[in-house]
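J.: just coords:
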């Protein structure tokens, strides 16, 4: 059995605090939740809404965190959230190997940060972090009282570890009397088999669908030298990405959801919008995780049939190994849509793996042209072999 185990859930989350029972993980220090949606990391929308329904951030926003070894706790703002259940897809990644093993990861901190009124950044020290550059801050969604479909720019958070060893969440535009609270888990990949890469830029306002190459670096904020290079995209996960909301107030569905995909080289990663007219003048962050024993089989689709308050047409992924059990597979998923209006939550497709080569997805409202870049991650070869024990032989004269 691999040293990484994955559980996945499709959950209909009500307004307020709710929970999902999971198979017990060994320790909260070695397990965390990933929200499987676009880079804005909210739900896939409200169940039962129609193609004419635009949902504001306080309805779509959701957070998901492990709160004990058997429980994921979800939050949709009870005071301001309205309407019925929202559909959410999550994975729980757990390290099950030996302490100090080659594939070990450790959750250094999980928590949340609140930006009130006109705040544009919130930070917090991360306890126990040994090397910030080995850490990935997994963004786990948000809750908010932002109640207008034109306010998504203020709920679009960029997440990274800064040079002061702090978790940082930033947005481009605050609003009086409104808040957004972002949730996170800072995970340090301590095992010798892992290499963590980062990338960032703040000059992609007009990149459109043509995209932009971001150079890789070992620095956790994605800025500066030395640049690094991957061994192979086939053994590298684009583990998480986020984007600060536009300073100028662009709040359209393509303005707030970023596509991330492999570059043609091994020294960069590629970002793009799903619409040529999309605009965002703030910083984007990408965090990558490399291991020689990983296998990532990727797919691209520029016209995904997404469904309409139903599951869409499943994606078949070539190259996936039929011998790998589902609990040793994870999903890389970046999705967005054409359109710069506020017909939310178009493009916010939640997804999960339903077979060794099958990915299915759901969104509350269809329309426009959906673009997805993703992959099935195979952890089955991540099996640490401890060094053999040497017997001591004593010669007795």
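T.: Structure's in. What do you need? Source: prediction; values computed, not measured. Numbers count the residues shown, from 1 in each chain.
J.: what is the burial count for the nearest residue to residue 381 once chain neighbours are set aside?
T.: Nearest residue to residue 381 in three dimensions, chain neighbours excluded: residue 293, at 4.3 Å (Cβ to Cβ, 6 or more residues apart in numbering). In this view, the C-beta of every residue, glycine as well, is placed from N, C-alpha and C. Residues near residue 293, counting by other Cβ atoms under 10 Å, number 17.
J.: same check on residue 302?
T.: Neighbours of residue 302 (other Cβ under 10 Å): 13.
J.: give me every residue that touches it.
T.: Residues in contact with residue 302 (Cβ atoms under 8 Å, 6 or more residues apart in numbering) are 369, 371.
J.: wait, residue 43 touches residue 63, no?
T.: No - Residue 43 is not in contact with residue 63 according to Cβ atoms under 8 Å; the separation is 9.9 Å.
J.: what do the two both touch?
T.: Contact with both residue 43 and residue 63 is made by residues residue 141, according to Cβ under 8 Å, 6+ apart.
J.: of those two, which one has the most company?
T.: Neighbour totals were compared for residue 43 and residue 63, and residue 43 leads with 32 against 26 (other Cβ under 10 Å).
J.: residues in contact with the more buried one?
T.: Going by Cβ under 8 Å, 6+ apart, the list of residues near residue 43 reads 13, 37, 60-62, 76, 86-88, 141, 345, 348, 350.
J.: okay, and which of the residues you listed map to strands?
T.: Counted as lying in strands by DSSP state E, out of the contacts of residue 43, are 13, 76, 86, 87, 88, 141, 350.
J.: related to what we said a few turns ago, return the closest of the contacts of residue 43 with respect to residue 322.
T.: Each of the contacts of residue 43 was scored against residue 322 by Cβ to Cβ, and residue 350 proved nearest at 25.1 Å.
J.: for the closest one, give the beta-bridge partners.
T.: When assigned by DSSP bridges, residue 350 has beta-bridge partners residue 362.
J.: that one contacts residue 91, correct?
T.: No - judged on Cβ under 8 Å, residue 350 makes no contact with residue 91 at a distance of 11.2 Å.
J.: got any residues that touch both of these two?
T.: In contact with both residue 350 and residue 91: residue 36, using Cβ under 8 Å, 6+ apart.
J.: about what we covered before: could you dump the ones in strands among the contacts of residue 43 into TSV and include distance to residue 196 and neighbour count?
T.: Shown next, in TSV, are the ones in strands among the contacts of residue 43 (distance: Cβ to Cβ, whole Å; neighbours: other Cβ atoms under 10 Å):
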residue	distance to residue 196	neighbour count
13	31	23
76	32	28
86	32	28
87	31	21
88	27	27
141	22	28
350	26	27
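J.: farthest pair in the residues you listed?
T.: Among the ones in strands among the contacts of residue 43, 76 and 350 lie farthest apart (Cβ to Cβ), at 14.2 Å.
J.: now do stretch 83-96: distance to the chain's middle.
T.: 12 Å (Cα atoms, centre = their mean, to the nearest Å).
J.: what do you get for stretch 205-217?
T.: 19 Å.
J.: that older thread, out of the ones in strands among the contacts of residue 43, which is nearest to residue 232?
T.: Closest to residue 232, out of all of the ones in strands among the contacts of residue 43 and judged by Cβ to Cβ, is residue 350, at 28.8 Å.
J.: distance of that closest one from residue 117?
T.: Per Cβ to Cβ, to the nearest Å, residue 350 is found 30 Å from residue 117.
J.: please apply the same query to residue 241.
T.: From residue 241 to residue 117 the distance is 27 Å (Cβ to Cβ).
J.: tell me which of those two has more neighbours.
T.: residue 241 (24 against 10).
J.: my read: that one touches residue 286, true?
T.: Yes - at 4.6 Å, residue 241 counts as touching residue 286 under the criterion of Cβ under 8 Å.
J.: what do the two both touch?
T.: Joint contacts of residue 241 and residue 286 (Cβ under 8 Å, 6+ apart) are 260, 271.
J.: what are the boundaries of the strands in the stretch 51-200 of the chain?
T.: Taking DSSP state E, counting those that start in this stretch as the criterion, the stretch 51-200 of the chain carries its strands at 63-68, 71-76, 86-95, 106-116, 121-125, 135-144, 158-161, 166-170, 179-188, 195-201.
J.: any idea which of the ones you listed gets closest to residue 268?
T.: Comparing those by Cβ to Cβ, strand 195-201 comes nearest, at 7.2 Å.
J.: which residue is nearest the centroid of the chain?
T.: Centroid-nearest residue in the chain: residue 240, 4.2 Å away (criterion: Cα atoms, centre = their mean).
J.: can you tell me the helix or strand for that residue?
T.: strand 236-243 (DSSP states H and E).
J.: what comes up buried for that strand?
T.: 236, 237, 238, 239, 240, 241, 242, 243 (16 or more other Cβ atoms under 10 Å).
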